[in-house]
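> dropping the sequence and predicted coords here.
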Amino acid sequence: MRYQTTFVNVVDSINALAASPLYDRIAVAGRNVLKIYSAPSDVCNEFKEVSNLRVGKNMNLNFSSTDIAWCQNDANILATGSTNGNVVVWNLSRVGKQKQDRVLEKHERTVYKVDFSNIDPKLLLTGAHDAIAIFDLRQQAVVHYCPKDGHLRHVGFIPNEQYQFSAGIENHVEIWDMRYTQRHVLMFTAHLGPVLSCDWNPNPQFSKYLATGGRDNVIKIWNLEYGPANLLTTIPTIDSVSFLQWRPRRPYHLASCSLLQDFSINVWDFRRPYLPFLSFNEHTQPPTGLVWRDEGECDVLYSGAKNGNLYQHIFQDALRCEKHLPLVALGLASSGRLIQTSRAIVSSRYPTTTPQSYKIQEPISFKKPNQETSDVKQVFSKISHFYANGFEIENIKNLANKYELRGRSTSELCEKNGEHAKAEKANSAAQLWFFLHKLYSPYIPPEECDQAKRKLSIADSVNSDDSSNESDDISYDFTIPIDSLKAQDPNSPIASKLLNSRKSDFYVFSDFTTSDVFDSSDYYNQSTTSYEISSDKQNFRHDLSITALNTIHEPKPEETTVNYELANHIVTYDIDNSPPLPSTVDLILQMLITTVEEGDLQLGVTVLLVLKDEIQPAQYGPIEDRVEEWFHSYIDILTSLNLYVKAAEIIKLAPLPAINALNQQSTLFCTKCFNCRVPLIEWQCSNCSFPSSCFVCRHPVKGRYVWCQGCCHGGHIEHLAQWFKNHKQCPSGCGHNCEFF
């Protein structure tokens, strides 16, 4: 039989749909619609309206349907759930237009789900916000009634089980037994948000496989064959999952639709969870219901949407996702590692020129094993793995642990951090730290420190007609406090040389070069060095020796005088208009901006923490928002590296109030009673009087109590520590995989 993609508009929004046992009719239900259509066939490839159940004079909320179910053992019996809490049973064999058979009044709030048992067709399971109920249509009585107070969106009978059914309540799934009405048989946490849909695998060999979809944008496949729920795989989606339906005769396939944003219907093979097997993209509004046609290859799917369109989808017209994906991919890790995949037909030769900062490993070829029953496309690819030679993530972790942020003076902190950076081969960071150490070292007046004086010795031997042949050795001592230079005669050659040489923390003649005064190779260990100067522009011929200072200090903000005693003659220069120097804070901030832009975020944040007494947030100016982003990013990096203590220290010491406030968020944890899930104030529940018991020794806990946020079970810290050395699941038997720290 050849089917084609077709659709019909039912005029109003569709909330749910169901198929008859022979799949020759499709029932659609909504707030203002309740109709039955004949399914397309090889004779007539279109939907035709067969019956409209919304007829009669007394139209009320019983006709406003939220869900519909078709009895699989009786083609004339349907059931719908209403917004007023009533369950309506319809009999299509009744004579006349009025097909309503009976109204079951038990719920007080909206009924979200109705389901017939596949073993006993007269049992009808209903779920609402207030309770779960099971009706026996033969006795017109309630067999099982369980009051519930929570977000219930799904209930359903377990295939091939006569007495058991499942319910999705809040973020967990409960398994109930009709013969035991006191409490659930099994409960496990399924999602981080509300469970919106559940479906049991209809294939006999996989009847214990349960698919759940929630508001946390994931589909989870569970195996409940051996008691506790075992999570098989997780399928990520781009939106909340509103409906799930397993594909008959294909145990690995299931269809899903989204709640709001995604209008596509995706069919997944849960063995390949990150890419849909195929996709139907005909809808322009979010789909609300799915039904498979269980015939032949089961390649026909019916769906309804909020705009009232009822579609028949054919596999031949679906979008095959793997055919539209590039077979070349590139991934970059935070540690600098690079991985690349390419098609197998691409030449295995690598370019002769590769980046110098990367090394390349031999390509790794892999191929998926051939499986005759597999629906996943065969892949043959190459993986090329690169790794960087530069600064590794381990260096960041080591520096984060070694950097000192408090407990010393600013100068000492900079010196210590410079030593730590130098030990980790971070030369640029070490240079900046040592520069800040020199900058913020305490100032010592020259008259109190002999090292702050420059001693100049000049020996000049002059041969001229007006002078004798004797040589005179003349020594001169002068002191230059650095701030502003004043000179009486600005045109003097000595004054001009001193002015032109003001490019560092001390004065030198303009004939000198920077390398003559300060050697960068001797940055960390300065020593006394003698220099010889050849000056052909001077009238004297002397041997000039300059002794480098061990420590250079920033000048006082007062006037500076230069006194030279040359042949018993003193010359004083005064300069009134010296060029203004840029602010030290502005220079440091500009250096930090450059440092962060070059990739060293850790250094920028750490320097701001060390200098928070020297540089106030008010001095950040226009980069305050950028600084706040630096702190947020660095805290995220520390958290990803599991350095939680260091991240908390950064938050505490940060100079910005917005960062300090991070410690005040998410600090309240409420323990809940494992029985009724009411928040606990004391060791005993105020609602059900159940004590906070240890699920290892089964005794009440009145002291230190360890509690799992997922399943609400806990106990003595010593007992649980011993338990989780050998086990992964909760000792209560709920099946939850608790994490014990």
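Happy to help now that I have it. Numbering: from 1, shown residues only.

> so what secondary structure elements neighbour the longest helix seen in the chain?
If you go by DSSP state H, the chain has its longest helix at helix 624-640. If you count contacts as 3 or more CB pairs under 8 Å, 6 or more residues apart in numbering; DSSP states H and E, helix 624-640 packs onto helix 601-610, helix 644-653, helix 657-660. (C-beta placed from N, C-alpha, C; glycine too.)

> which of these is buried the deepest?
helix 601-610 (a mean of 23; mean count of other CB atoms under 10 Å).

> what angle sits between that helix and helix 624-640?
110 degrees (axes from the mean of the first three to the mean of the last three CA atoms, to 10 degrees).

> how about helix 601-610 as PDB, C-alpha atoms only?
Output of helix 601-610 as PDB, limited to C-alpha atoms (Å, rounded to 0.1, in the frame of the first residue of the first chain):
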ATOM      1  CA  LEU A 601      42.600  36.800  32.500                       C
ATOM      2  CA  GLN A 602      44.000  35.300  35.700                       C
ATOM      3  CA  LEU A 603      46.700  37.900  35.900                       C
ATOM      4  CA  GLY A 604      44.300  40.900  35.300                       C
ATOM      5  CA  VAL A 605      41.900  39.800  38.100                       C
ATOM      6  CA  THR A 606      44.700  38.900  40.500                       C
ATOM      7  CA  VAL A 607      46.400  42.300  40.100                       C
ATOM      8  CA  LEU A 608      43.200  44.100  40.800                       C
ATOM      9  CA  LEU A 609      42.700  42.100  44.000                       C
ATOM     10  CA  VAL A 610      46.200  42.800  45.200                       C
END
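
> mind giving me the packing neighbours of that helix?
Using 3+ CB pairs under 8 Å, 6+ apart: helix 601-610 touches helix 393-402, helix 410-423, helix 427-439, helix 584-597, helix 624-640, helix 644-653.

> if we can go back for a sec, name the residues that touch the longest helix of the chain?
Applying CB atoms under 8 Å, 6 or more residues apart in numbering, the contact partners of helix 624-640 are 334, 396, 400, 593, 596, 601-602, 604-605, 608, 617, 620, 644, 646-647, 650-651, 654, 656, 658-659, 662.

> okay if I get the helices and strands packed on helix 601-610 as a markdown table plus mean pLDDT and distance to residue 107?
Formatted as a markdown table, the helices and strands packed on helix 601-610 follow (pLDDT from 0 to 100; distance: least, CB to CB, whole Å):
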| stretch | mean pLDDT | distance to residue 107 |
| --- | --- | --- |
| helix 393-402 | 88 | 57 |
| helix 410-423 | 92 | 68 |
| helix 427-439 | 91 | 67 |
| helix 584-597 | 89 | 60 |
| helix 624-640 | 90 | 46 |
| helix 644-653 | 90 | 47 |
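
> next, residue 622: secondary structure please.
What DSSP: H, G, I helix; E, B strand; the rest coil gives for residue 622 is helix.

> tally of neighbours for it?
6 (other CB atoms under 10 Å).

> state the pLDDT value of it.
As predicted, residue 622 sits at a pLDDT of 87.

> same check on residue 477?
39.

> do a quick rundown of the strands in the stretch 251-400 of the chain.
Remark: strands of the stretch 251-400 of the chain, listed N- to C-terminal, are 253-258, 265-269, 278-280, 287-292, 300-305, 309-314, 329-332, 338-343, 358-360, 364-367, 380-388; assignment by DSSP state E, counting those that start in this stretch.

> a markdown table please, covering these and showing mean neighbour count.
Below are these laid out as a markdown table (neighbours: other CB atoms under 10 Å):
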| stretch | mean neighbour count |
| --- | --- |
| strand 253-258 | 25 |
| strand 265-269 | 24 |
| strand 278-280 | 22 |
| strand 287-292 | 24 |
| strand 300-305 | 24 |
| strand 309-314 | 20 |
| strand 329-332 | 11 |
| strand 338-343 | 16 |
| strand 358-360 | 14 |
| strand 364-367 | 11 |
| strand 380-388 | 16 |
